[in-house]
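[1] pasting the structure only:
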């Protein structure tokens with residue numbers, strides 16, 4: 001297929017499916033915690049605004065959660081179908097870690113999700129709040145196990161290779177491998193920022209459409225507080241993650257920076273923009289700031305990092321790609337910080353909800369968190385290449401023996417089905433966002449969940465979405 005090998009098709013297929021999947025858990029993680037905060041504020045202040053926002057965002061959470069589960073199942077099968085040699089080699093570590101994720105996080109989320117969605121008028125407020133907290137905790141536990149597995153592939157520890165297979169010898173070292181704490185913190189905060197941008201963009205959109213009420217203002221205000229407080233934290237975490245990566249994966253940092261060799265007597269420059277040429281072993285059109293690379297990358301004015309030429313050609317990541325994906329991620333992070341600072345300035349001047357240019361910027365930044373996650377994920381995964389388990393197993397040795405025809409056919413099927421199924425789900429979710437939160441109406445005596453009569457209570461997760469959602473397209 002166009003000169004592409006079976007290995008490249010297998011990698012492309014997994015990259016496509018994981019790129020879809022990662023978007024849904026990111027929003028799930030953020031929305032679950034957001035719902036917990038909203039319910040806590042509702043219980044504390046008894047302000048119906050928080051109850052209305054909880055009911056509104058819980059419907060979107062339900063749709064997003066369902067799509068996340070379905071897309072995750074596909075990836076689990078891919079490990080066996082497309083990467084069978086990896087599963088046979090490293091399954092002794094990755095298999096139990098993913099099993100722990102199902103036995104703890106998924107059951108915790110699924111067990112309490114029904115109470116959170118359907119239990120407002122069926123259980124007491126304390127139990128309902130506990131259910132919401134457990135759903136939020138479940139998303140974080142899930143993140144922990146998934147990142148433990150992936151981080152072990154980046155910085156493997158606590159194992160032996162026996163008869164050609166990985167055998168764990170120290171589970172504490174396996175789970176708490178050197179990159180795990182940094183990657184867990186960085187990913188979790190990224191999910192919170194992506195959700196805040198999603199919520200803030202929704203609030204700004206409604207304000208621009210002329211819907212200026214307390215519910216919409218609260219959405220935007222809470223999102224902007226999150227941006228102001230957490231964006232600087234993410235920058236700090238990213239810097240710490242970079243120092244850890246330089247220690248354990250120096251080739252990745254060299255590729256990210258487009259740094260090919262150290263010149264005697266000169267410090268490492270910071271290359272802002274350029275085009276790394278893998279064949280010519282140089283970064284063309286480089287726009288450099290002298291010495292700043294040493295300071296940022298090592299925190300020392302005279303610090304050095306290895307150049308790509310110090311690594312064998314077959315051990316170098318593709319600098320052309322990750323040089324730019326890293327800069328996209330960082331650039332979006334700087335825009336997030338700008339959004340938070342701008343919102344603080346407008347808040348001080350009591351103009352947070354009136355300045356249309358700011359509101360348009362907030363809408364434009366709505367998908368920025370998810371785009372930054374995708375860019376960061378590409379950077380970290382392509383930066384690990386050519387290893388599937390860093391320094392232990394090469395990617396070319398992990399792929400199953402499938403033909404180019406089989407992989408290209410399955411890839412095309414995936415593309416068509418994913419855009420149809422998940423595209424429909426995303427459009428539906430965005431229509432729910434466009435509908436906006438409604439004023440909280442306490443149910444009448446004898447009513448069930450969200451005003452359903454007792455004999456018509458919804459019995460399926462997506463049934464938590466009211467029937468009025470079907471009228472979104474007509475504006476009725």
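    Cool, the structure landed. Here the structure is a predicted model, which means the values were calculated and not measured.
[2] work out which residue lies at the spatial centre of this structure.
    residue 26 (3.9 Å; CA atoms, centre = their mean).
[3] that residue contacts residue 188, doesn't it?
    No: between residue 26 and residue 188 there is no contact under CB atoms under 8 Å: 9.6 Å. Quick note: C-beta positions are derived from backbone N, CA and C, even for glycine.
[4] which stretches of this structure form helices?
    Ranges of helices within the chain are 6-45, 48-81, 84-100, 107-118, 125-154, 171-175, 180-208, 214-248, 250-257, 292-298, 319-348, 356-364, 368-382, 404-435, based on DSSP state H.
[5] for the longest one, buried residues please.
    When neighbours are counted by 16 or more other CB atoms under 10 Å, the buried residues of helix 6-45 are found to be 6-7, 9-11, 13-14, 17-18, 20-39, 41-42.
[6] model confidence score at the closest residue to residue 341 other than its chain neighbours, please.
    In this structure, residue 341 finds its nearest non-sequential neighbour in residue 228, 6.8 Å apart by CB to CB, 6 or more residues apart in numbering. Note on residue 228: pLDDT of 94.
[7] wait, residue 228 touches residue 342, no?
    No: between residue 228 and residue 342 there is no contact under CB under 8 Å: 9.3 Å.
[8] tell me where the stretch 101-250 of the chain is predicted with low confidence.
    By pLDDT under 70, the stretch 101-250 of the chain has no low-scoring segment.
[9] before we move on, back to that, near the residue nearest to residue 341, how many other residues are there?
    Counted with other CB atoms under 10 Å, residues neighbouring residue 228 total 19.
[10] ok, the one 10 residues further on next?
    Here the neighbour count serves as a burial measure; for residue 238 (other CB under 10 Å) it reads 18.
[11] these two touch, right, it and residue 186?
    Yes: here residue 238 reaches residue 186: they are 6.2 Å apart, a contact under CB under 8 Å.
[12] what residues are up against the nearest residue to residue 179 once chain neighbours are set aside?
    Among residues not flanking residue 179 along the chain, residue 155 sits closest, at 4.3 Å (CB to CB, 6+ apart). Contact analysis of residue 155 by CB atoms under 8 Å, 6 or more residues apart in numbering lists 177-180, 248-249, 390.
[13] next step: the residues you listed restricted to strands.
    Per DSSP state E, strands hold no members of the contacts of residue 155.
[14] by neighbours, which of those wins?
    residue 179 (25 neighbours).
[15] can you tell me how far that one sits from residue 107?
    27 Å (CB to CB, to the nearest Å).
[16] repeat that for residue 373.
    For residue 373, the distance to residue 107 (CB to CB) stands at 26 Å.
[17] for the closest residue to residue 283 other than its chain neighbours, grab phi and psi.
    Excluding the flanking residues, the one nearest residue 283 by CB to CB, 6+ apart is residue 258, at 3.9 Å. Residue 258 adopts backbone torsions of phi 60, psi 30, taken as degrees, to the nearest 10.
[18] residue 258: how many residues sit nearby?
    Using other CB under 10 Å, residue 258 has 25 other residues around it.
[19] just checking, it touches residue 281?
    No: contact status for residue 258 versus residue 281: not in contact, 10.8 Å apart, counting by CB under 8 Å.
[20] who touches both of these two?
    Joint contacts of residue 258 and residue 281 (CB under 8 Å, 6+ apart) do not exist.
[21] how about the contacts made by the residue nearest to the centre of the chain?
    Counting by CB under 8 Å, 6+ apart, residue 26 touches 190-191, 194-195, 369-370, 373.
[22] one more time with 7 Å, if that's ok
    190-191, 194, 370, 373 (CB atoms under 7 Å, 6 or more residues apart in numbering).
[23] now do residue 329
    Counted by CB under 7 Å, 6+ apart, residue 329 has contacts 372, 375-376, 379.
[24] what subset of these is buried?
    The neighbour count (16+ other CB under 10 Å) marks 372, 375-376, 379 as buried among the contacts of residue 329.
[25] ok, of those residues, which one's closest to residue 319?
    Using CB to CB, residue 379 is the member of the buried ones among the contacts of residue 329 that lies nearest residue 319, at 11.0 Å.
[26] wait, the closest one sits on residue 326?
    Yes: Residue 379 is within contact range of residue 326, at 4.8 Å (criterion: CB atoms under 7 Å).
[27] identify the contacts common to those two.
    residue 256.
[28] neighbours of residue 96, how many?
    Other residues near residue 96 number 16, with proximity taken as other CB under 10 Å.
[29] that one - nearest residue in space that isn't next to it in sequence?
    Excluding the flanking residues, the one nearest residue 96 by CB to CB, 6+ apart is residue 168, at 7.7 Å.
[30] how about the contacts made by the one you found?
    Contacts of residue 168 by CB under 7 Å, 6+ apart are 92-93, 158-159, 174.
[31] okay, and the beta partners of it?
    Taking DSSP bridges as the rule, residue 168 bridges to residue 159.
[32] picking up where we left off before, against residue 394, how distant is the residue nearest to residue 179?
    Applying CB to CB to residue 155 and residue 394 gives a distance of 16 Å.
[33] buried sites along stretch 327-342?
    Neighbour counts over stretch 327-342 (16+ other CB under 10 Å) mark 327-330, 332-333, 335-337, 339-340, 342 as buried.
[34] could you identify the most distant pair in the residues you listed?
    327 and 342 (22.0 Å).
[35] quick one on the thing from earlier: with distance to residue 300 and pLDDT added, can I get the buried residues of stretch 327-342 in JSON lines?
    Listed next are the buried residues of stretch 327-342 as JSON lines, based on distance: CB to CB, whole Å; pLDDT from 0 to 100:
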{"residue": "327", "distance to residue 300": "23", "pLDDT": "94"}
{"residue": "328", "distance to residue 300": "27", "pLDDT": "95"}
{"residue": "329", "distance to residue 300": "24", "pLDDT": "95"}
{"residue": "330", "distance to residue 300": "21", "pLDDT": "94"}
{"residue": "332", "distance to residue 300": "28", "pLDDT": "95"}
{"residue": "333", "distance to residue 300": "23", "pLDDT": "94"}
{"residue": "335", "distance to residue 300": "29", "pLDDT": "95"}
{"residue": "336", "distance to residue 300": "28", "pLDDT": "95"}
{"residue": "337", "distance to residue 300": "25", "pLDDT": "95"}
{"residue": "339", "distance to residue 300": "32", "pLDDT": "95"}
{"residue": "340", "distance to residue 300": "30", "pLDDT": "94"}
{"residue": "342", "distance to residue 300": "33", "pLDDT": "95"}
